[in-house]
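> Sequence plus predicted model, see below.
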Amino acid sequence: MFIRKAKLRAAAAAVTTAVALIGLGAGTANAADWPPLREGAYLYSGTHGTGTVSKVDLGDPGMCHTLSAPARSVQVVSGSASVVLHPGPGCTGAYSWATGSLAQSDLPWAALSYHVVPA
């Protein structure tokens, strides 16, 4: 019984890895629409890294920053920090959305504020 569970876990891990790699491959095709990757974190007023750019202050972890214009996409290249985005000003709202330390994504909604957390 124990060996069967271990084999099932190994198979599940292999499937998860394969799905993740397929997803990364699909994401690479869309990467051409985005600006080139650069160190730091950036919020964009449009989808796919378009529109007005706001640089995220990665050196100020935990402090809430309210944006002057809503963000619709984000790009993060940092080995030590990620960004948590909020739909309301002052890091408010019923939900939040967090990036990883290497992220390039359209947001599910317009973000009006953010704070930085360790990755």
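Structure's in. What do you need? Numbering: from 1, shown residues only.
> residues of the top strand by length along the chain that come out buried?
When the chain is parsed with DSSP state E, its longest strand is strand 102-118. Of the residues in strand 102-118, those buried by neighbour count under the rule 16 or more other C-beta atoms under 10 Å are 104-105, 107, 111-116. (Glycine included, C-beta is placed from N, CA and C.)
> Same question for stretch 59-79.
65, 67, 70-76, 78.
> residue closest to the middle of the protein?
Thr99 (2.6 Å; C-alpha atoms, centre = their mean).
> My read is that that one contacts Ser78, right?
No - judged on C-beta atoms under 8 Å, Thr99 makes no contact with Ser78 at a distance of 9.3 Å.
> ok, now which ones touch Cys91?
64, 66, 84, 113-115 (C-beta atoms under 8 Å, 6 or more residues apart in numbering).
> quick one: the helices in this protein?
2-30 (DSSP state H).
> Output the below-cut-off pLDDT ranges for it.
Within the chain, the ranges that satisfy pLDDT under 70 run 1-32.
> Let's see that with 50 instead.
In the predicted model, the chain carries pLDDT under 50 at residues 1-2, 6, 8, 11-29.
> joint contacts of Thr99 and Ser78?
Ala41.
> Ser80 against Ser101, yeah?
Yes - assessed by C-beta under 8 Å, Ser80 is found in contact with Ser101 at 6.6 Å.
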